[in-house]
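Student: Provided below for reference: sequence and predicted model.
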Amino acid sequence: MTTPLHILQERFGYSGFRHEQETIITSVLAKKDNLVVMPTGGGKSICFQIPALLQEGLTIVVSPLIALMNDQVQALRQLDIPAGALHSHISSSGKNKIDQQISQGLLKLLYVSPESLLRPAFLEYLKNKSISLFAIDEAHCVSIWGNDFRPEYVKLKMLKEYFPQVPTIALTATADQATQADIVKQLQLSEPKVFLASFERHNIKTTASPGQKRMQQIVGFLRDHPDEPGIIYCLSRKSTEKVASHLQGLGFSCDAYHAGVDSHLRADLQLKFQSDELQIICATIAFGMGIDKPNIRWVIHYNMPKNIEGYYQEIGRGGRDGDPAEALLFYSWADFLNLQSFVDRSDAHETFKNVQRAKLERMWEFATAASCRTNLVLNYFGEYRNHKCNHCDNCISPPKLMDGTRHAQMALSAVIRCGESVGMNMLIDVLRGSYKQEVRAAGFDRIKTFGAGREIPFLDWKHYITQMINQGLLSIDFTDHSKLKRTPLGLPILKNEAKVHLTEFIAQRKSVKTQKAQTDLLPDDVDQGLMARLKSWRLDLARAQGLPAYVILTNKSLEQIAAHKPENATQLLNVDGIGQAKLTKYGDQILAIVAKDT
Ligand code: ADP
């Protein structure tokens, strides 16, 4: 009898299941409803792809993104798995072909957008077909508590009405507890089994830095990571272009990507990035959801994102192949205020806005945290724990604590003497004794604390005041132009009855390169000449078939070939990602390239 493990090895070319994949597959095969929350790169797809192959009938995969659908369909076809996609970009002849394949029972997996699936005529058509499973990918889109609500997803609740016997598996990489409960409710899952994989990505080193001189910091980082593919996320289209052109000017292989770029050019950029022809993409969040590229080595946030869900999803695009990757976040008070004004100005419902504001504040706490960042994220997602992760900056080089009582006293006193009528920047100007027009006009140059903290640089002050806010010694009045106000916790400090501990300001943390895991290949093991020849062979094939290079074979597979130099089919099957289908398609060619080399 064919087992899930047999399919994993024979078709996908992987030796064993990861984490809970096998238990999830067993539950799907038992016709239960399931909710799977697993980080990006965790291996969710196999949880419905393997059951699709083991069961009679068609598995329907709902996905919000055309690029992602196309990617997965191409990858499955490479494995000789009959898969197709239906969405607004498929031609009518393409649609007819899919209809035919479904009617003849030839298709195993159909990727479909919610709009295409929920057309009444299509639902009626499907009613007479044998459907084994609905897989709802990016299931958080169904919930307003999630970070990417899509109204068309809500209509998916119709599926349980039309097809009450067909089980559903909902999958997402980003759902806090409220979102998880909402997914179950909205999709009408019946007594679902919930699988919460750990959200920890051990191979991603996480660092956050104050955003001063960020361009300079980025250039330094890139010079430390030559030729490594990565994404720089910016908040605005304009800044993607600014950053890209600066880096191009310095000779980096880099381009800007945002919703305003011509769609052909966008597709071209994506293809080049995916095939390692373009090293760096500077993008708005429009880029990435459909990107399956496994060897992204770093993700930089040029600006602070608006919530932890988005941030974590974006950094999760790094290191999907399991090799070390880095996530570098820049943040500034200006980013925070900017994002806040987006929320304020939006015409969304006030309840929704309040959720967005709360999420933004959590993001700010994350950026300015002095303790383990992984814990902060995991606790946010309801995976409670408090041991050190050892792969974030705060664990690797803990910030030094100092006695900040005097700093806090100066700041608190200045806030009070300015009549609680100043924001952070003006407060620092007062503390540093600036004779700026606004300071003089308000008469703040005559208060007692004017210039009391002049020896402390501006950026250091920002760092300290941010911590005071996070510790509740000061609060920000968002209803009154973000002015700083006193709080009950500040009083004992002013009276010298309590002490304050602050972390020292470090302008730029050196990015510490994570070591390759012991089991991984070391650069020296890999024959670089052979690797280059394999890559160029793969690129020709990818171009000829119009596919991203990694769909043919991942870098990881190529590295293993270039290190172990297989001499026959059996040895080639030991390479990760090579199963029977790829062996048949490419085995002879690979063996010939290796043989020529030895
Ligand atoms: P997700 O959808 O959770 O982001 P994917 O399903 O795309 O992740 O899987 C990420 C990568 O890991 C893919 O390249 C996939 O083929 C690979 N993968 C999945 N399961 C395994 C496994 N058991 N062993 C090795 N690689 C795996």
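Tutor: That came through, no problem.
Student: domain assignment for the chain?
Tutor: 4-196, 204-352+363-368, 402-502, 528-597 (automatic domain parsing).
Student: Tell me which of those sits nearest to the ligand.
Tutor: With CB to the nearest ligand atom, the closest approach to the ligand among these belongs to domain 4-196: 3.2 Å. Placement of C-beta: from N, CA and C, glycine included.
Student: same question for that closest one, mean pLDDT?
Tutor: What domain 4-196 shows for mean pLDDT is 92.
Student: still on that earlier bit, okay, the domains of the chain in a markdown table with mean neighbour count and distance to His391 next?
Tutor: Shown next, in a markdown table, are the domains of the chain (neighbours: other CB atoms under 10 Å; distance: least, CB to CB, whole Å):
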| stretch | mean neighbour count | distance to His391 |
| --- | --- | --- |
| domain 4-196 | 19 | 14 |
| domain 204-352+363-368 | 19 | 5 |
| domain 402-502 | 17 | 23 |
| domain 528-597 | 17 | 20 |
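Student: Turn the ones you listed into JSON lines, including distance to the ligand.
Tutor: Formatted as JSON lines, these follow (distance: least, CB to the nearest ligand atom, whole Å):
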{"stretch": "domain 4-196", "distance to the ligand": "3"}
{"stretch": "domain 204-352+363-368", "distance to the ligand": "5"}
{"stretch": "domain 402-502", "distance to the ligand": "32"}
{"stretch": "domain 528-597", "distance to the ligand": "6"}
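Student: closest one to Lys388 among the ones you listed?
Tutor: domain 204-352+363-368 (12.6 Å; CB to CB).
Student: can you tell me the distance between the two ends of the closest one?
Tutor: Using CA to CA, to the nearest Å, one end of domain 204-352+363-368 lies 19 Å from the other.
Student: any idea of the mean pLDDT for it?
Tutor: The average pLDDT for domain 204-352+363-368 rounds to 91.
Student: can you give me how far that domain is from the chain middle?
Tutor: 10 Å (CA atoms, centre = their mean, to the nearest Å).
Student: repeat for stretch 346-364
Tutor: Centroid separation between stretch 346-364 and its chain, computed with CA atoms, centre = their mean, is 20 Å.
Student: Other residues contacting it?
Tutor: 144-145, 147, 304-309, 311, 331, 336, 339-340, 343-344, 380, 466, 478 (CB atoms under 8 Å, 6 or more residues apart in numbering).
Student: switch the cut-off to 7 Å
Tutor: 144-145, 304-308, 311, 336, 339-340, 343, 380 (CB atoms under 7 Å, 6 or more residues apart in numbering).
Student: Identify whichever of the domains of the chain lies nearest to Ile396.
Tutor: domain 204-352+363-368 (7.6 Å).
Student: Look at the residue with the largest distance to the centre of the chain and report its pLDDT.
Tutor: Distance from the centre of the chain peaks at Arg446, with 49.3 Å (CA atoms, centre = their mean). Note on Arg446: pLDDT of 94.
Student: again with Val594
Tutor: Note on Val594: pLDDT of 93.
Student: let's number from 5 now, not from 1
Tutor: From this message on, residue numbering opens at 5, which makes the last subject Val598.
Student: and whatever helix or strand it lives in, what other elements does it pack with?
Tutor: Assigning secondary structure by DSSP states H and E places Val598 in helix 584-601. The contact analysis (3 or more CB pairs under 7 Å, 6 or more residues apart in numbering; DSSP states H and E) places helix 584-601 against helix 532-549, helix 573-576.
Student: Now the ones you listed in CSV, please, with extra columns for mean pLDDT.
Tutor: Listed next are the helices and strands packed on helix 584-601 as CSV, based on pLDDT from 0 to 100:
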stretch, mean pLDDT
helix 532-549, 91
helix 573-576, 90
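Student: for those, which one sits closest to Thr178?
Tutor: helix 532-549 (30.0 Å).
Student: how much distance is there from the closest one to the middle of the chain?
Tutor: The answer for helix 532-549 is 28 Å, by CA atoms, centre = their mean.
Student: next structured bit after that helix?
Tutor: From helix 532-549, the next helix or strand downstream (DSSP H and E) is helix 553-556.
Student: hmm, back to that, quick one: the helices and strands packed on helix 584-601 as CSV, columns for distance to Ile594 too.
Tutor: Shown next, in CSV, are the helices and strands packed on helix 584-601 (distance: least, CB to CB, whole Å):
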stretch, distance to Ile594
helix 532-549, 7
helix 573-576, 7
